[in-house]
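# no FASTA, just this:
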């Protein structure tokens, strides 16, 4: 054994130990400016490759934006079709691997603040950086504001209604122009549609992957109920209204057998069934129809949307949701301003980015959906958006008339929504898969769990 | 493949060659061959054809044995939408890296523990073996927190292949297998090499490793299979679509993709390993059964 | 469970053959060098163990007594444990996991052994049968599970299993949608995709049984069954008991089956496993500290199990 040998071995071992560190460091790009002095920002939720038109539009927008703002460079990152899929989003947040400007749901605000990874942008969120900031819907802005501090910029806002298949309605002898307005009418229609046979379900409902709880929320809002008490400390669904929600579903599922055999559905499962034309109605937002067509092999001409059904008469409320962008902690002044400028361009300018209806129409995408509902009714931006939507719309105005003409009070998701949804999945799955499940018992069980979760969160 | 006939097993060979024994033997063999084919190939057939069906046909009762209207575009859709080439490459890259790191570092460690035996060697070995009792899942949260912010160095290994490669090295089972094999190498061989003036490195390289080919084969199979089969760990440490493994990628996309396309992706994902397995099945099988088993 | 090879008996950690005949000083010198080289060879693996095994063990315990909010960490005593144990899903998750473990032990332990004994008797088609049984092990787990989820366990009559059952005139099942069938269905899928490894390991140990033992037993008039109980099982006892241990530890870590087959919790929590609960707390409820506490509880339970197992084994010998 010679000394040089020993050295060599030690050197290799050390190099392995250290090399790791260096290599790992080099995988992270934390640059805020490039060699030419341009401000660099990374932005996520770039459409994925499968969404060809959307991706093309995004990339074109980045080019146009960079041309108009020569001092800014945008690096786009795609994080999947569902940009803030809860476990992945949490993992990125915990790991601090989000982009500089990162996408999130309105439900994520509390979690983002708690993580300590986001930046308070109160000082920047104003007309100087986003020209039409004052036109942006107050409710939407408020969901991104906590204790007077602004944490994010809303970029989409929607409310739920009843999505239905016109073709199946016609086949079942129902009028495709007047969708059911109450849960009792939904039940009747579901019965007729499922009577078509061929594995067709009249009404489809989620019960897994947190989507069950999400829809339970929308449905209890329609009853005039709430998920949690006003102070946010206790569950508030173990009552008559919660019971009606579950009882309606139970009656359809096991009383009439009009919800199909497949249950325990997650987001994609129900949309797959919808794309295959095997479900008559389900609760959803307007863009559910876009997903059915672009992702799930369905057809635009099959789908239309009505207002959220109510128990007796019109719904007393519906669930609103949305998305926005947050800013990573530690960005430079220039980076925040560049990020806001990009968001203003891509997400909030009428006629540009997501509001470029002329382009979407030319690409053959669906134009005319009553969303993203970002501007205060009556504001300049809202009027301009409405005009352009009407001018370029390529869907029959009738398809969403029942939804648009019957506006329902929008309520947003409570804090800790994802945790509550996970718990309510249990009640939904019980009602939809177990003929002997007891509505009262399931609500009580869920109530206890939610109370515990909230007590914990309040600590 | 009937070379085993010299050692008898439960039933003697002679018994199976005459009269009733022969009839029973052949009946049983036929039944088993048919049953195995149905049980193990049948589902694969169902999967391959299922992915060719349209969404309505997939939901049809009763199901069709052969797609009435085959849709090969489901496969091309899956390939493009899920960026399967990228996912397969990632998985392959992580597996090969894990293999290299384990072969180099674990072999070196096992060699040190078996032949060089530094003073604290037994203590270190004991501490390594203690981790055998602790299943990976139990430590997943603290491990994850560690990878996010590595102590002392304060770097994050999220989305970096090192977050798969380095934890893979901390594999007490492989070190144990290697060490036990090295232990069985006669000391005479080692001292002979030393007499010739060979250093530790050369002894390892030219004496120990060539003899240890079988056990290295076993460790390699374990290393690659472990990465291939792992799910929760890569799901946590590789949150970006560009860094995902194939299993995690398919799962991640399953939420936003029609079922027939998901199944098509599952089929495509299975092809490389099945081909790999069929090519190397002889060495994989013998490696699996030979290594570490002999008393 | 994944493939696992089993080390033979004779776990000797230290002792080695006698030293060669060097003069004392040379030997001492060599000892020193060997020591240094030894550490140099060890350092890579030791660093990895330190960062990814030893440190996380300590960190897990520490974390379970802390809470981190907005970047600030405080000590909270037993709070996390209290919360985890009071989680209404806590006992359900344990119940489900133990149920899965027991079922998987019956299916994933007895069936492979039976198959190995059977395969060992065949003089033909051996290679073919072995390849078949190992084929599912090579599939990516997600591939195999989506196959079961979408094509086999479809609760309508469009599914493979239900159409077979219907064809045979048997009652169909709701599979993952039935709280009673959730676990058996997960065990079935898991056994199908994992048992190849166990079968091959049993086969290898069966081939090591000396033929004379069977010869002698047969001469004593032992029938087929007696030969199995008196020769086959005693001769493979070591492997059998090690596999049982590995199988239990592997199945206790149940995660991907409920995640994919049951979308996580399944119908009425019937699929929730302990590891899934860890995941749920850590990444849905944003509670890494609670998740770490659950990890520690699981660790204690598994160590307890290993101790009991070791004691039982010692008593038997």
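Right, received. Where do you want to start? Note that this is a predicted model, so its numbers are computed, not measured. Residues are numbered from 1 along each chain as shown, chains lettered A, B, ... in the order given.
# quick one: the helices in the stretch 1-150 of chain A, in order.
Taking DSSP state H, counting those that start in this stretch as the test, the helices found in the stretch 1-150 of chain A are A:3-26, A:52-68, A:86-95, A:109-115, A:138-143.
# for residue C:99, give its distance to chain A.
Taking C-beta to the nearest C-beta, to the nearest Å as the measure, residue C:99 and chain A are separated by 18 Å. Where C-beta positions appear, they are placed from N, C-alpha and C, glycine not excepted.
# remind me which residues of the stretch 151-295 of chain B are low pLDDT?
B:288-295 (pLDDT under 70).
# how about 90 then?
B:151-159, B:173, B:176-177, B:180-226, B:228-229, B:236-243, B:252-260, B:272-295 (pLDDT under 90).
# kindly report the same for the stretch 201-350 of chain A.
Scanning the stretch 201-350 of chain A for pLDDT under 90 picks out A:208-211, A:231-232, A:261-262, A:264, A:266-269, A:272, A:276, A:285-291, A:293-301, A:320-322.
# which residues of it lie near chain C?
Residues of the stretch 201-350 of chain A found near chain C (C-beta under 8 Å from any C-beta of the partner chain) are A:208-210, A:260-264, A:266.
# which of those sit farthest apart?
Using C-beta to C-beta, the two most remote members of these are A:210 and A:261, lying 22.6 Å apart.
# up against chain A, what does the stretch 151-300 of chain C have?
Proximity of the stretch 151-300 of chain C to chain A is confined to C:154-158, C:174, C:176-179, C:262-269, C:279-280, C:282-288 under the rule C-beta under 8 Å from any C-beta.
# so which of these are also by chain B?
When contact is defined as C-beta under 8 Å from any C-beta, these meet chain B at C:156-158, C:279, C:282-283, C:288.
# can you put those residues in CSV and add pLDDT and neighbour count?
Formatted as CSV, these follow (pLDDT from 0 to 100; neighbours: other C-beta atoms under 10 Å in any protein chain shown):
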residue, pLDDT, neighbour count
C:156, 80, 20
C:157, 80, 16
C:158, 81, 20
C:279, 91, 24
C:282, 88, 26
C:283, 85, 24
C:288, 88, 25
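# tell me, how many residues neighbour residue 276?
All of this refers to chain A. 24 (other C-beta atoms under 10 Å in any protein chain shown).
# that answer is for a different chain, and I need it for chain C
26.
# can you check the pLDDT for it?
Note on residue C:276: pLDDT of 93.
# got the buried residues for stretch A:164-181?
A:164-169, A:172, A:174, A:176, A:179-181 (16 or more other C-beta atoms under 10 Å in any protein chain shown).
# please convert these to JSON lines, extending it with secondary structure and distance to chain C.
Converted to JSON lines, the buried residues of stretch A:164-181 look like this (DSSP: H, G, I helix; E, B strand; the rest coil; distance: C-beta to the nearest C-beta, whole Å):
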{"residue": "A:164", "secondary structure": "strand", "distance to chain C": "21"}
{"residue": "A:165", "secondary structure": "strand", "distance to chain C": "18"}
{"residue": "A:166", "secondary structure": "helix", "distance to chain C": "24"}
{"residue": "A:167", "secondary structure": "helix", "distance to chain C": "21"}
{"residue": "A:168", "secondary structure": "helix", "distance to chain C": "17"}
{"residue": "A:169", "secondary structure": "helix", "distance to chain C": "22"}
{"residue": "A:172", "secondary structure": "coil", "distance to chain C": "19"}
{"residue": "A:174", "secondary structure": "coil", "distance to chain C": "23"}
{"residue": "A:176", "secondary structure": "coil", "distance to chain C": "26"}
{"residue": "A:179", "secondary structure": "coil", "distance to chain C": "26"}
{"residue": "A:180", "secondary structure": "coil", "distance to chain C": "25"}
{"residue": "A:181", "secondary structure": "coil", "distance to chain C": "30"}
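# out of the residues you listed, which touch chain B?
The overlap between these and the neighbours of chain B (C-beta under 8 Å from any C-beta) is empty.
# which among those residues gets closest to residue C:30?
Of those, the one sitting nearest to residue C:30 (C-beta to C-beta) turns out to be residue A:165, at 82.9 Å.
# ok, the closest one - contacts?
A:274, A:277, A:279-281, A:302-303 (C-beta atoms under 8 Å, 6 or more residues apart in numbering or on different chains).
# quick one on the thing from earlier: which of the residues of the stretch 201-350 of chain A next to chain C come close to chain B?
Among those, the residues within reach of chain B (C-beta under 8 Å from any C-beta) are A:209, A:266.
# which stretches of the stretch 1-150 of chain C form helices?
Ranges of helices within the stretch 1-150 of chain C are C:24-49, C:55-63, C:79-86, C:89-105, C:111-121, C:126-138, C:141-146, based on DSSP H, counting those that start in this stretch.
# any idea which of those gets closest to residue A:220?
Evaluated over these, closeness to residue A:220 peaks at helix C:89-105, with 22.1 Å, by C-beta to C-beta.
# what angle do the closest one and helix C:79-86 make?
Angle, helix C:89-105 to helix C:79-86, by axes from the mean of the first three to the mean of the last three C-alpha atoms, to 10 degrees: 60 degrees.
# mind listing what residue C:191 touches?
Residue C:191 neighbours (C-beta under 8 Å, 6+ apart): C:104, C:107-108, C:111.
# and it, that's in a strand?
No. With DSSP: H, G, I helix; E, B strand; the rest coil as the criterion, residue C:191 is located in helix rather than a strand.
# state the pLDDT value of it.
92.
# how much space between it and chain A?
Distance, residue C:191 to chain A, using C-beta to the nearest C-beta: 22 Å.
# show me what contacts the nearest residue to residue C:149 once chain neighbours are set aside?
Nearest residue to residue C:149, sequence neighbours excluded (C-beta to C-beta, 6 or more residues apart in numbering or on different chains): residue C:261, at 5.2 Å. Shown in contact with residue C:261 (C-beta under 8 Å, 6+ apart): C:145, C:148-149, C:153, C:176, C:185-186, C:189, C:271.
# now do the buried residues in stretch A:117-135.
For stretch A:117-135, burial by neighbour count (16+ other C-beta under 10 Å) applies to A:117-119, A:121, A:124-125, A:129-130, A:132-133, A:135.
# kindly report the same for stretch A:367-385.
Using 16+ other C-beta under 10 Å as the test for burial, stretch A:367-385 gives A:367-376, A:381-382, A:384-385.
# what of stretch B:69-88?
For stretch B:69-88, the neighbour count (16+ other C-beta under 10 Å) marks B:71, B:74-75, B:77-78, B:81-84, B:86-88 as buried.
# pop the domain breakdown of chain C in here.
C:25-80, C:82-140+C:181-316 (automatic domain parsing).
# mind checking which of the ones you listed is nearest residue A:110?
Here domain C:82-140+C:181-316 is closest among those (C-beta to C-beta), at 8.7 Å.
# how far is that closest one from where the chain is centred?
From the chain centre to the centre of domain C:82-140+C:181-316 is a distance of 6 Å (C-alpha atoms, centre = their mean, to the nearest Å).
# right, I'll leave it there.
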